[in-house]
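Colleague: attaching a predicted model along with its sequence, questions to come.
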Amino acid sequence: MKLVATVVTAAAALTLVLSGCSSEDQQAAQDTAGNVAESAQNAAEGAVSSARSAAPGLGSSAESLGDRAGSVFDDAKRATFVAAYKAQFSALSEGKSDEEIEALLGGICQQIQDGKDEAEVKTDIEAQATNNGNAPSADEAGRIFDQAKLACP
């Protein structure tokens, strides 16, 4: 559990540190954060699998542990998205609560899960992320989409 929290924190820090860098650096940071997040998830799943193997009678406890680990992991991904969104899109996030930004993420994730075309999702992001007359550019909507994909459960 501590490993997952440490890995997610490191991924969040890396994303935030590199958020002011060039697009190529940002993409590299996003790729790295995605790889770190995937590694953490694999580690959590491995721990649950090991627990199940070591103590077959404790299967329900291991499942419960796995559910909690997944929940913590999803919470960390949402928090990372919110922090990165605020850091990279200050005009779009000004005056918005964390819950409002999480709602934007939830909407994007739902559209991705429903199989909606990427171009349509990005167009929706341009409309949904508009704040006080500040609309995201097509490039910004694309970056929001890419970051949301990493944060979706």
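Modeller: Looks like it arrived, so ask away.
Colleague: switch to C-alpha atoms for all contacts and neighbour counts from now on
Modeller: Will do.
Colleague: ok, and what's touching the strand or helix carrying Asp124?
Modeller: Secondary structure from DSSP states H and E places Asp124 in helix 118-128. For helix 118-128, the external contacting residues (C-alpha atoms under 8 Å, 6 or more residues apart in numbering) are 104, 108, 111-112, 135-138, 141-142, 144-145.
Colleague: what would those look like in JSON lines with pLDDT?
Modeller: Formatted as JSON lines, the contacts of helix 118-128 follow (pLDDT from 0 to 100):
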{"residue": "Leu104", "pLDDT": "97"}
{"residue": "Ile108", "pLDDT": "97"}
{"residue": "Gln111", "pLDDT": "97"}
{"residue": "Ile112", "pLDDT": "96"}
{"residue": "Ala135", "pLDDT": "96"}
{"residue": "Pro136", "pLDDT": "97"}
{"residue": "Ser137", "pLDDT": "96"}
{"residue": "Ala138", "pLDDT": "96"}
{"residue": "Ala141", "pLDDT": "97"}
{"residue": "Gly142", "pLDDT": "97"}
{"residue": "Ile144", "pLDDT": "97"}
{"residue": "Phe145", "pLDDT": "97"}
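Colleague: weed out the non-buried ones from those residues.
Modeller: 104, 108, 111-112, 135-136, 141-142, 144-145 (16 or more other C-alpha atoms under 10 Å).
Colleague: right, I'll leave it there.
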